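Predicted model and sequence below, questions to follow.
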Amino acid sequence: MTEPVILLLVGVTLVQLLFGVVMYFDAKRLDLQDPEQYWLGVVVPTIGFVVILYYFSERKNLPKQSKSDSQDEPAR
């Protein structure tokens with residue numbers, strides 16, 4: 001009985017990590033403020049799926065970086 005539960009937990013964790021990476025790069029591409037907050041919200045075990053649903057339902061309405069914020073950061 002414990003083997004399927006462990007496999008399920010590992011699978012759920014991997015899915016959350018995958019969604020976290022996708023959301024981080026999507027938030028960077030959309031130039032959202034603090035894209036790492038979405039990544040961190042997803043990798044929190046029990047809340048991650050709620051953050052995933054919120055992000056994808058509201059991604060067009062999330063706050064963008066202002067021009068002054070992007071000028072303060074050093075060039076990469």
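Nice, I can see it.

where do the helices sit along this structure?
Along the chain, counting by DSSP state H, helices occupy 2-29, 36-43, 48-58, 67-72.

Let me know which of the ones you listed is tucked in deepest.
helix 36-43 (a mean of 17; mean count of other C-beta atoms under 10 Å). Just so you know, the C-beta spots here come from the backbone N, C-alpha and C atoms, and that holds for glycine as well.

From the chain's centroid, how far away is it?
Counting by C-alpha atoms, centre = their mean, to the nearest Å, helix 36-43 is centred 4 Å from the centre of its parent chain.

In TSV, list the helices of the chain along with mean pLDDT.
Formatted as TSV, the helices of the chain follow (pLDDT from 0 to 100):
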stretch	mean pLDDT
helix 2-29	86
helix 36-43	78
helix 48-58	79
helix 67-72	61
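
For the nearest residue to Val42 once chain neighbours are set aside, give its distance to Val44.
Once flanking residues are discounted, Val42 sits nearest to Gly20: 3.8 Å by C-beta to C-beta, 6 or more residues apart in numbering. To Val44, Gly20 is 10 Å away according to C-beta to C-beta, to the nearest Å.
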